[in-house]
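In: here is my input; please provide its structure:
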Amino acid sequence: MFGYVTISEPELKVKDLRKYKAYYCGLCRTLKERYGGVGQLTLSYDMTFVVILLTSLYESETNHSTHRCKVHPVKKQNMLQNQMTEYAADMNMILSYYHMKDDWVDEKKVSGFVGTYALRRRVKKIIQKYPRQSHVIQKELKMLTALEKENSQCIDKTAGCFGRLMGELLICKEDQWESRLRKMGFFLGKFIYLMDAYEDLEKDQKEGLYNPLKELSKKPDYEERCREMLCMMIAECSAQFEGLPCLLDVDILRNILYDGVWTRYRRIQEQKKKSEEKNNDKESI
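Out: Model (predicted):
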């Protein structure tokens, strides 16, 4: 359910693109340094956004370094790391741990058991360090699992769980920005959940899996209503963002919120268009 909050490369200046990639590589390295190769497997674009957002808001002192890695063994990569990178890495691990734990407990997925066992010792310390965030993440994931078991088609309820989870995750400090960050995270989380459901609908229908959009997809105005919901969520998220005193890397952040988040949506539309054209060609033969 991650990877939707990313950049739109064609619309980003070269210097900003390089900086974004340096934040991404910095998060990857932080995950490796703190949690080894298992930690690196949890890397996501969404958490890179969290790093850049919180770095900009709190103007965190950032360290620059260059390193080689398995993905780029020849050329050293620029990496940016700071306190917010460490925070995002910790949140990523907690989220991944509880998600895999639920996969094992509720669905007996072997991957969930293996992942939970591999992360348990490392994550235990993070949970003790961040009890507030850990409690909310665990609570909302459990609620989401329960709603999915009930085959709930109330998108507001299911998306709301992930929204509250993301809202709490953005609060690294309980200060004057807490309320605005929580609202921003709430709408961003709902957007991510909705986009994930929208992208997976066809696959879930074929495999008989849960999807909160199944009933809505039967309506003639399904596509229009999905887009309206997605636009509403990201508009509310962006409105909260604009109320934050973010100056550092603001062009990157706006690129993500106003264009980058729609990258996967545009790709899905292109695929649907090609599929329709292919079907039309078959019918005309």
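In: what helix or strand is Ser65 on?
Out: Per DSSP states H and E, Ser65 falls inside strand 63-67.
In: residue ranges in this protein under the pLDDT threshold?
Out: 1-2, 101-120, 280-285 (pLDDT under 70).
In: kindly export stretch 172-191 (C-alpha atoms) in PDB.
Out: Presented in PDB, the C-alpha positions along stretch 172-191 are these (Å, rounded to 0.1, in the frame of the first residue of the first chain):
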ATOM      1  CA  CYS A 172       7.400  13.500  15.400                       C
ATOM      2  CA  LYS A 173       7.000  16.400  17.900                       C
ATOM      3  CA  GLU A 174       4.000  17.400  19.800                       C
ATOM      4  CA  ASP A 175       4.100  21.200  19.200                       C
ATOM      5  CA  GLN A 176       2.200  24.000  17.400                       C
ATOM      6  CA  TRP A 177       2.300  22.100  14.100                       C
ATOM      7  CA  GLU A 178       0.700  18.900  15.500                       C
ATOM      8  CA  SER A 179      -2.900  19.600  14.600                       C
ATOM      9  CA  ARG A 180      -2.100  20.700  11.000                       C
ATOM     10  CA  LEU A 181       0.300  17.800  10.400                       C
ATOM     11  CA  ARG A 182      -2.200  15.300  11.700                       C
ATOM     12  CA  LYS A 183      -4.900  16.700   9.400                       C
ATOM     13  CA  MET A 184      -2.500  16.600   6.500                       C
ATOM     14  CA  GLY A 185      -1.500  13.100   7.200                       C
ATOM     15  CA  PHE A 186      -5.100  12.000   7.600                       C
ATOM     16  CA  PHE A 187      -6.100  13.100   4.100                       C
ATOM     17  CA  LEU A 188      -2.900  11.900   2.600                       C
ATOM     18  CA  GLY A 189      -3.400   8.500   4.200                       C
ATOM     19  CA  LYS A 190      -7.000   8.300   2.800                       C
ATOM     20  CA  PHE A 191      -5.700   9.200  -0.600                       C
END
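In: run through who's touching that stretch.
Out: Identification of contacts with stretch 172-191 by Cβ atoms under 8 Å, 6 or more residues apart in numbering yields 4-5, 54, 57-58, 84, 87, 159-160, 162-171, 230, 233-234, 236-237, 240-241, 243-244, 261. C-beta coordinates here come from the backbone N, C-alpha and C atoms, glycine included.
In: do the same with stretch 149-158
Out: Contacts for stretch 149-158 (Cβ under 8 Å, 6+ apart): 106, 144, 147-148, 193-194, 197, 210, 212-216, 229.
In: in that stretch, what counts as buried?
Out: Residues 155, 158 are the ones in stretch 149-158 that count as buried (16 or more other Cβ atoms under 10 Å).
In: picking up where we left off before, in ChimeraX, select just the buried ones from the contacts of stretch 149-158.
Out: Selection command for ChimeraX covering only the buried members of these, criterion 16+ other Cβ under 10 Å:
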select :144,147,148,193,194,197,210,212,213,216,229
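In: looking at the contacts of stretch 149-158, which are in helices?
Out: Counted as lying in helices by DSSP state H, out of the contacts of stretch 149-158, are 106, 144, 147-148, 193-194, 197, 229.
In: can you put the residues you listed in CSV and add distance to His135?
Out: What follows is these, written out as CSV (distance: Cβ to Cβ, whole Å):
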residue, distance to His135
Asp106, 19
Leu144, 15
Leu147, 19
Glu148, 21
Tyr193, 20
Leu194, 25
Ala197, 25
Met229, 28
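In: which of the residues you listed lies closest to Thr66?
Out: Tyr193 (36.6 Å; Cβ to Cβ).
In: hmm, Ala159 and the closest one touching each other?
Out: Yes: counting by Cβ atoms under 8 Å, Ala159 is a contact partner of Tyr193 at 4.3 Å.
In: quick one: the helices in the protein?
Out: 14-40, 45-58, 83-107, 110-129, 131-149, 155-169, 178-207, 222-241, 250-258, 263-284.
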